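Peer 1: Based on what follows, work out the 3D shape:
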Amino acid sequence: HHKEIFGKAPTEVATDRGYYSSSNEMELTKLGVKHLSIPKPGKKSKSRQEIESTPKFKKLQKFRAGVEGRISCLKRSFGLRRSYLRGFKGTSTWCGYGIFAHNLRKAAKLLLS
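Peer 2: This is a model prediction of the structure:
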């Protein structure tokens with residue numbers, strides 16, 4: 001889907017362990033993704049441990065964890081748990097208002113400090 005919208009594959013992909021499978025990794029590599037960060041569940045081989053201990057792998061996992069925290073904040077504080085507007089257009093509008101409110105609050109905090 002990313003390739004359809006942007007015309008090229010993303011350079012980096014980070015997911016949680018629920019998305020791990022060797023076929024997923026091979027498919028993403030075929031699409032042209034350069035850096036993968038998909039932790040393997042369960043017992044890992046020595047080579048897999050080395051892959052998951054690289055700085056790039058860890059950096060992508062930290063980024064993914066940060067995104068999860070931001071989404072949680074938007075859901076709790078800015079009404080993005082449920083859209084009160086109907087349809088795709090309404091949900092898009094609702095989401096946009098929530099993100100705008102979040103960014104406005106962030107900007108106000110920066111101006112005050």
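
Peer 1: Show me the longest helix that occurs in this structure.
Peer 2: The longest helix of the chain (DSSP state H) is helix 87-112.

Peer 1: Mind listing what's buried along that one?
Peer 2: Within helix 87-112, the residues that count as buried by 16 or more other CB atoms under 10 Å are Trp94, Cys95, Gly98, His102. All C-beta spots, glycine's among them, are computed from the backbone N, C-alpha and C.

Peer 1: How about the last one, nearest residue that isn't a chain neighbour?
Peer 2: Excluding the flanking residues, the one nearest His102 by CB to CB, 6 or more residues apart in numbering is Phe78, at 5.2 Å.

Peer 1: measure stretch 2-19 end to end?
Peer 2: Stretch 2-19 has an end-to-end distance of 17 Å (criterion: CA to CA, to the nearest Å).

Peer 1: The buried residues of helix 87-112 into CSV, with extra columns for pLDDT and distance to Lys30?
Peer 2: Below are the buried residues of helix 87-112 laid out as CSV (pLDDT from 0 to 100; distance: CB to CB, whole Å):
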residue, pLDDT, distance to Lys30
Trp94, 90, 37
Cys95, 89, 32
Gly98, 89, 36
His102, 90, 37
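
Peer 1: which of the residues you listed lies closest to Gly42?
Peer 2: Of all the buried residues of helix 87-112, Gly42 sits closest to Cys95, with 35.6 Å by CB to CB.

Peer 1: dump the residue contacts of that closest one.
Peer 2: Counting by CB atoms under 8 Å, 6 or more residues apart in numbering, Cys95 touches Leu80, Ser83.

Peer 1: Other residues contacting stretch 39-50?
Peer 2: By CB under 8 Å, 6+ apart, the list of residues contacting stretch 39-50 from outside reads Asp16, Arg17, Gly18, Tyr20, Glu52, Gln61.
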